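>>> Fold the following, please.
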Amino acid sequence: MAESVPAQAVFSASELQIAFGAKPLLQGGTIAILEGERVGLVGRNGCGKSTFLKIAAGVIAPDSGTVTTRRGLLTGYLPQEFELEQDLSVHEAVLRGAAAVQALIEEYENAPADAPNASQLLERIEHLDGWTLDSRAKSLLTNLNAPAPHRIVGNLSGGEKRRIALCRSLIARPDLLILDEPTNHLDTDSIQWLEDFLARYSGTCLFVTHDRYFLDRVCNRIVEIHQGGFVSFPGNYTDYLIAQAEREAVSEQTEKKRQKFLRSELEWVRRAPGARRTKSQDRVDRYFEAAAQGPPEKASDADIILPTPKELGNRVISLKNVGADVDGRQLFSGLTLEIPAGARIGIVGRNGSGKTTLLRILTGELEPTRGTVERGARTELNLIDQHRLQIDDTKTVWDEVGEGRETVRLGTEDISLRGYLRRFLFNETQMGQLTAQLSGGERSRVLLAKILKRGGNVLLLDEPTNDLDLATLRVLEEALVRFKGTVIVVSHDRYFMNRVCTHTLAFEGDELRFDVGNYEEFIQRRAERAAKPALPPARKAAAVTPAVTPAATVPVTARPQKLSWKDERDLETIEARILEAEAALALAEAQSHSPDFYKQSPAEMAASHESLISQRQAVAALYARWDDLEQKQAALKE
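Numbers count the residues shown, from 1 in each chain. Okay, here's the model as predicted:
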């Protein structure tokens, strides 16, 4: 049996030291990335993830330490902040990512037929699959839902430019692919395509992402930046969480043993006679050495507490036949929806389908092209926008969040601004820092702290998960689940949507579909709908002349002129019944996310879970009944 050849390192770094201003990031970190690995880099906001990616890509050099790459290594890099040539077409901008391959092709085509390096050039081009650049560019643009190849970069939105930058980093199929938040501004279909692409990728990948499903499905190794160094965990994100829990359990056991040792030794030191002082000096030294170690450092989590919302009325937001056009193009039409109080609605769909436009219509910032929007008298809206331009880089964190005040109103009480900022993991030094000096994730926390304190009983969040670290994401999810108001969120983070949402509003082509359940349940129902054979179009009764024979005359039943008494009663009461059922479901789901839920016995948890499923099915049945009644009523009006 042939022995397997061990993988070689394509990149290694030893004793890395780098600081951002006065803040140390990497402090002696050492790491090697092997050929074929798909490494997910995780860690707190501001710990140095993006800085390390820049070092690996050769964009910056560390303050000290050694960086080594394999000879002839071709690297592709997608930074968080990038530049594209504004006057290029989309197709040209993407091909700039394969400039090294194009240079090889040009050199080969201009070389004499008998050039000594011609065969080497051809071999290198074929290794890089250089002859298929144009078709690869077209495939990438299509699968990542990027703008048309002929469009000019300067006329595109920030999200469109980011998708082009991602295509540019993938086009050359580099040996080492480095991606910083590659899923930002991608819709869920494009993210799933990228997952499949990277899972099959023959090169080596190193990336930072907040998308936990992406980390789970792509990675074969997780590296955490912790206290300035690198801690490696084999496997995917789930394996990392298990290993991290085991590591913390071991640390707790070690700390318990240390505390027990200190208590016993302290007691001995206190009663040790002076005559034994010399012989017992080693024991005394061991005591003070153990005492000086201190407990293991635990990473503190943000403590996001949303202001208690005012009670919502019977009407939150009502939409009737709402539609929107942008630049003469219809985004959506015919949206009729009564947003339930206490619901957490996830809006999903392809980029450009109109999700952000819908949020702007809900807030009143934008008038619908068609239809009407009515907001309840008690409805107070608070929008968290995906555009991070609301932060003033010339202000400190304290001034930006405090906005001239030293207290923050949370519900019925005021807390100090200092205490509020600590909940978002800002220490005394950071509170006095300019926001321009913060990392992308830290800036996102500033934005959250600034906007969430405004309160409101209807929160509208447009891509709230971008740039947040995983720990802060978990805390934000818990805060939204506990929130007693209504939440409407646009996000491509599937884990976030599954954790938070009780309903989905999906842009599916020209159709908008409102369903009870989280994102996973929506995907399941969509697959079930797609699997059903298409029904033949219904024919109007008047268009059919039945063949009547003397032997078997079929009686013709006259079409009813109005709904039955039962249907009329159901139609009058069904909206109220739906609201009541959804409120009960929201309460049950909130209880299922509570830490106390897991204190129940297995039998009680199973019963609670079955009850939750039953309530979801009941709500779905009510919506189906409502739809049936509306169709009956519409048929009578024809």
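>>> most centrally placed residue in the chain?
residue 493 (3.0 Å; Cα atoms, centre = their mean).
>>> Give me the spatial nearest neighbour of that residue, chain neighbours excluded.
Using Cβ to Cβ, 6 or more residues apart in numbering and skipping residues adjacent in sequence, the residue nearest residue 493 is residue 465, 4.4 Å away. Placement of C-beta: from N, CA and C, glycine included.
>>> for that neighbour, helix, strand, or coil?
Recorded secondary structure, residue 465: coil (DSSP: H, G, I helix; E, B strand; the rest coil).
>>> show me what contacts it?
210, 473, 476, 491, 493, 496 (Cβ atoms under 8 Å, 6 or more residues apart in numbering).
>>> of those, closest to residue 360?
residue 491 (16.4 Å; Cβ to Cβ).
>>> State the number of residues packed around that closest one.
23 (other Cβ atoms under 10 Å).
>>> How about residue 157?
12.
>>> Now do it against residue 92, distance only.
19 Å (Cβ to Cβ, to the nearest Å).
>>> What of residue 412?
59 Å.
>>> Comparing the two, which residue is more hemmed in?
Comparing residue 412 with residue 92 by other Cβ under 10 Å, the one with more neighbours is residue 92, at 15 against 7.
>>> Please name the residues that touch the more buried one.
Here residue 92 is in contact with residue 85 (criterion: Cβ under 8 Å, 6+ apart).
>>> Make 37 the first number, not 1, from now on.
Okay, residue one is now 37; in that scheme the one you just asked about reads as residue 128.
>>> if we can go back for a sec, export the contacts of residue 501 to JSON lines and tack on distance to residue 51 and secondary structure?
Formatted as JSON lines, the contacts of residue 501 follow (distance: Cβ to Cβ, whole Å; DSSP: H, G, I helix; E, B strand; the rest coil):
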{"residue": "246", "distance to residue 51": "29", "secondary structure": "coil"}
{"residue": "509", "distance to residue 51": "32", "secondary structure": "helix"}
{"residue": "512", "distance to residue 51": "36", "secondary structure": "helix"}
{"residue": "527", "distance to residue 51": "40", "secondary structure": "coil"}
{"residue": "529", "distance to residue 51": "36", "secondary structure": "coil"}
{"residue": "532", "distance to residue 51": "37", "secondary structure": "helix"}
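>>> from those, which is closest to residue 651?
Using Cβ to Cβ, the contacts of residue 501 come closest to residue 651 at residue 532, 22.6 Å.
>>> residues in contact with the closest one?
Residue 532 makes contact with 501, 509, 513, 525, according to Cβ under 8 Å, 6+ apart.
>>> of all those residues, which two lie farthest apart?
Taking Cβ to Cβ, no two of the contacts of residue 532 sit farther apart than 509 and 525, at 12.7 Å.
>>> For the helix or strand harbouring residue 478, what does the pLDDT average out to?
If you go by DSSP states H and E, residue 478 is part of helix 476-488. For helix 476-488, mean pLDDT rounds to 83.
>>> What is that helix packed up against?
Applying 3 or more Cβ pairs under 8 Å, 6 or more residues apart in numbering; DSSP states H and E, one finds that helix 476-488 contacts strand 417-420, helix 433-438, helix 453-459, helix 506-518.
>>> Mean neighbour count and distance to residue 652 added to these, as CSV?
Listed next are the helices and strands packed on helix 476-488 as CSV, based on neighbours: other Cβ atoms under 10 Å; distance: least, Cβ to Cβ, whole Å:
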stretch, mean neighbour count, distance to residue 652
strand 417-420, 20, 27
helix 433-438, 21, 39
helix 453-459, 18, 33
helix 506-518, 19, 16
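>>> Low-confidence bits of the stretch 287-436 of the chain, can you list those?
Applying pLDDT under 70 to the stretch 287-436 of the chain picks out residues 297, 301-302, 304-338, 422-426.
>>> ok, residue 203 - contacts?
Per Cβ under 8 Å, 6+ apart, neighbours of residue 203: 130, 133, 173, 176, 177, 180, 182.
>>> Show me the one in these that has more neighbours than the rest.
residue 130 (29 neighbours).
>>> Name the SS class of it, please.
helix.
>>> Was I right to think it contacts residue 207?
Yes: at 5.6 Å, residue 130 and residue 207 qualify as touching, with contact defined as Cβ atoms under 8 Å.
>>> what touches both of those two?
173, 176.
>>> Reformat the helices and strands packed on helix 476-488 as JSON lines; add distance to residue 607.
Putting the helices and strands packed on helix 476-488 into JSON lines (distance: least, Cβ to Cβ, whole Å) gives the following:
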{"stretch": "strand 417-420", "distance to residue 607": "30"}
{"stretch": "helix 433-438", "distance to residue 607": "49"}
{"stretch": "helix 453-459", "distance to residue 607": "48"}
{"stretch": "helix 506-518", "distance to residue 607": "33"}
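>>> now the strands: where do they sit in the stretch 487-636 of the chain?
494-498, 522-526, 539-544, 547-552 (DSSP state E, counting those that start in this stretch).
>>> Tell me which strands the last one pairs with, and in which orientation.
Taking DSSP bridges as the criterion, strand 547-552 forms sheet pairs with strand 539-544 (antiparallel).
>>> ok, now how distant is residue 254 from residue 272?
8 Å.
>>> residues shared between the contacts of those two?
Residues within reach of residue 254 and of residue 272 at once, by Cβ under 8 Å, 6+ apart, are residue 76.
>>> who's more crowded, these two?
Ranked by neighbour count (other Cβ under 10 Å), residue 254 and residue 272 place residue 254 first, with 24 against 19.
>>> from the chain's centre, how far out does stretch 446-465 sit?
26 Å (Cα atoms, centre = their mean, to the nearest Å).
>>> Please apply the same query to stretch 219-239.
The answer for stretch 219-239 is 14 Å, by Cα atoms, centre = their mean.
>>> and residue 394, how many neighbours does it have?
26.
>>> element containing it?
Counting by DSSP H and E, residue 394 is part of helix 391-399.
>>> what's the next helix or strand after that helix packed up against?
Where DSSP H and E defines the elements, the next helix or strand beyond helix 391-399 is strand 406-411. Strand 406-411 is packed against strand 353-362, strand 365-375, with contacts defined by 3+ Cβ pairs under 8 Å, 6+ apart.
>>> and of the ones you listed, who's closest to residue 75?
strand 365-375 (39.0 Å).
>>> now that closest one against strand 406-411, angle please.
40 degrees (axes from the mean of the first three to the mean of the last three Cα atoms, to 10 degrees).
>>> With just CA atoms, put strand 365-375 into PDB.
Provided in PDB are the C-alpha atoms of strand 365-375 (Å, rounded to 0.1, in the frame of the first residue of the first chain):
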ATOM      1  CA  ARG A 365     -38.700  48.600 -13.800                       C
ATOM      2  CA  GLN A 366     -41.300  46.800 -11.700                       C
ATOM      3  CA  LEU A 367     -39.800  45.300  -8.600                       C
ATOM      4  CA  PHE A 368     -43.000  43.800  -7.100                       C
ATOM      5  CA  SER A 369     -46.700  44.300  -7.200                       C
ATOM      6  CA  GLY A 370     -49.900  43.200  -5.500                       C
ATOM      7  CA  LEU A 371     -48.600  42.900  -2.000                       C
ATOM      8  CA  THR A 372     -51.500  42.700   0.500                       C
ATOM      9  CA  LEU A 373     -50.400  41.900   4.000                       C
ATOM     10  CA  GLU A 374     -51.400  42.600   7.600                       C
ATOM     11  CA  ILE A 375     -48.200  42.500   9.600                       C
END
